[in-house]
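K.L.:
Here is a sequence with its predicted model. Questions after.
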Amino acid sequence: MPPHLMTLADLSPRQIYGILRHASYLRNSSLQCLPPRSLAQNRKIQENAPQRKVKGPAKSLQDMSIALLFSKRSTRTRVSAETAAGLLGGQALFLGKDDIQLGVNESARDTARVLSGMCQGIFARVGDHSEIEEIMKYSEVPVLNALSSLWHPTQTLADMLTILDQKEFFYQNEDRSRQFRPITISYVGDSANVLHDMLVTYPRMGMKMRVASPPNYRAPQPVWDRVVELGCDKNILWTADPLEAVNGADIVVTDTWISMGQEHEAAQRYKDFAGYQVTEALCKEGGANPDWKFLHCLPRKKQEVDDDVFYGKRSLVFPEADNRKWTIMALFDLMFGKWSLLEHDPKAPKAPKPQELE
């Protein structure tokens, strides 16, 4: 059976660390061989040309075609996937909702079988969660969930890589690998797919979570069942008060309040989320740690976070966006190139058991 990935709940902490380690390696090796972004960089590279002997990442997707099955529009996910596949030597085939028969004249089952015969991997960004379940059930090649209504594993991986890039948030082991410190992640906003993968992942990596959402915007039962099954609920505080949620926060996270397909709910949602905007004042009053950082998966609206935070020194949102590419590249290499995602990385550190929330 091919190695599908629906959610990070399906992976162990060691496997997750292995993906992050691999993403960091691919980022470093790729950036050393990619063309420069500026004239100054180009001159520096030319000066050091005789000393440069950089090969870049192995072309594990050479002669492979990867189907990018997108029923929802995207910026970061699409660009990350296409450029990642190219760096690995593969061909990314973008299939938007207006390009193929899926959902119109052809079932997800038949689409999965057809793509399996022509492509070596499927990266699917769908609407209803049942679509990705159907595709994985009938595909004969690896399927990676790029986003569904319930889960968004690639975003959480990018967030974790971004956190591990901040020296105050990790330990360095004897082999120089990085391991998360027992930090506090505070999430303020809608309970949607981004938060869902955070809930089943961060507590298992030794971190605590504090979540604020309006009473009618809690995690759906299938997601919460996985949270409880994995024992993550003991390290999650859920409240309707944003001030309580950001208390002791090392990292504050929010997401869009209105996802694609929810535009007709905009007026009610803005009313329900009044007081949830992430600001310096909110985090100071709530007692966030003095050096707290900010994450947002993008695209962002001003109602969710003000300009001072979003464009300020606390914001990690653009490095976070960049890291979408490297974590997706790691998954493509492992899943489509090596079929090895579900194997344990013996060198990856074990996640500590966090103390329960008081």
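P.N.:
Alright, I've got the coordinates. Numbers count the residues shown, from 1 in each chain.

K.L.:
only C-alpha atoms for contact and neighbour calcs from this point on.
P.N.:
OK.

K.L.:
So the residue nearest to Asp333 when sequence neighbours are not counted: helix, strand or coil?
P.N.:
Distances taken as C-alpha to C-alpha, 6 or more residues apart in numbering place Ser60 nearest to Asp333, at 6.2 Å, with adjacent residues excluded. Recorded secondary structure, Ser60: coil (DSSP: H, G, I helix; E, B strand; the rest coil).

K.L.:
Give me the buried positions along stretch 241-259.
P.N.:
For stretch 241-259, burial by neighbour count (16 or more other C-alpha atoms under 10 Å) applies to 241-258.

K.L.:
Okay, and which of those residues map to helices?
P.N.:
Using DSSP state H, the subset of the buried residues of stretch 241-259 located in helices is 242-245.

K.L.:
Out of the residues you listed, which comes closest to Arg176?
P.N.:
Ala245 (33.1 Å; C-alpha to C-alpha).

K.L.:
Quick check: the closest one vs Ala124, distance?
P.N.:
Computed with C-alpha to C-alpha, to the nearest Å, the distance linking Ala245 and Ala124 is 33 Å.

K.L.:
repeat for Gly287
P.N.:
Distance from Gly287 to Ala124, counting by C-alpha to C-alpha: 40 Å.

K.L.:
next one: Asn289
P.N.:
Distance of Asn289 to Ala124, computed by C-alpha to C-alpha: 38 Å.

K.L.:
again with Trp292
P.N.:
Remark: distance between Trp292 and Ala124 (C-alpha to C-alpha) = 34 Å.

K.L.:
now stretch 271-285: how far from the chain's centre is it?
P.N.:
In this view, stretch 271-285 has its centroid 24 Å away from the chain centroid, taken as C-alpha atoms, centre = their mean, to the nearest Å.

K.L.:
Adjust the sequence numbering to begin at 45 for everything that follows.
P.N.:
Yep, numbering from 45; the last one is stretch 315-329 now.

K.L.:
That stretch - what's its average pLDDT?
P.N.:
Regarding stretch 315-329, the rounded mean pLDDT is 97.

K.L.:
Buried ones in that stretch, by neighbour count?
P.N.:
316-317, 320-322, 326-327.

K.L.:
how about those in TSV, adding secondary structure and distance to Glu307?
P.N.:
TSV is the format used below for the buried residues of stretch 315-329 (DSSP: H, G, I helix; E, B strand; the rest coil; distance: C-alpha to C-alpha, whole Å):
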residue	secondary structure	distance to Glu307
Asp316	helix	14
Phe317	coil	15
Tyr320	coil	19
Gln321	coil	19
Val322	strand	21
Leu326	helix	27
Cys327	helix	28
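
K.L.:
Among those, which one sits closest to Met108?
P.N.:
Using C-alpha to C-alpha, Val322 comes nearest to Met108 of the buried residues of stretch 315-329, at 43.3 Å.

K.L.:
Let me see the contact set for that closest one.
P.N.:
By C-alpha atoms under 8 Å, 6 or more residues apart in numbering, Val322 lies in contact with 232, 298, 348-350, 353.

K.L.:
Return the subset of these lying in helices.
P.N.:
Cross-referencing these against helices under DSSP H gives Val353.

K.L.:
Name the nearest of the contacts of Val322 relative to Ser384.
P.N.:
So of these, ranked by how close each gets to Ser384 (C-alpha to C-alpha), first place is Thr298, at 32.5 Å.

K.L.:
most centrally placed residue in the protein?
P.N.:
Gln199 (1.3 Å; C-alpha atoms, centre = their mean).

K.L.:
burial of Trp383, as a residue count?
P.N.:
Neighbour count of Trp383, defined by other C-alpha atoms under 10 Å: 18.

K.L.:
how close does the residue lying closest to it once chain neighbours are set aside sit to Ile63?
P.N.:
Excluding the flanking residues, the one nearest Trp383 by C-alpha to C-alpha, 6+ apart is Pro47, at 6.1 Å. Note on Pro47: its distance to Ile63, by C-alpha to C-alpha, is 14 Å.

K.L.:
Which one's more surrounded, the two?
P.N.:
Taking neighbours as other C-alpha under 10 Å, Pro47 and Ile63 compare with Ile63 leading, 24 against 20.

K.L.:
Can you give me the distance of the residue lying closest to the more buried one once chain neighbours are set aside to His196?
P.N.:
What sits nearest to Ile63 in space, not counting adjacent residues and going by C-alpha to C-alpha, 6+ apart, is Ala374, at 6.4 Å. Distance of Ala374 to His196, computed by C-alpha to C-alpha: 16 Å.
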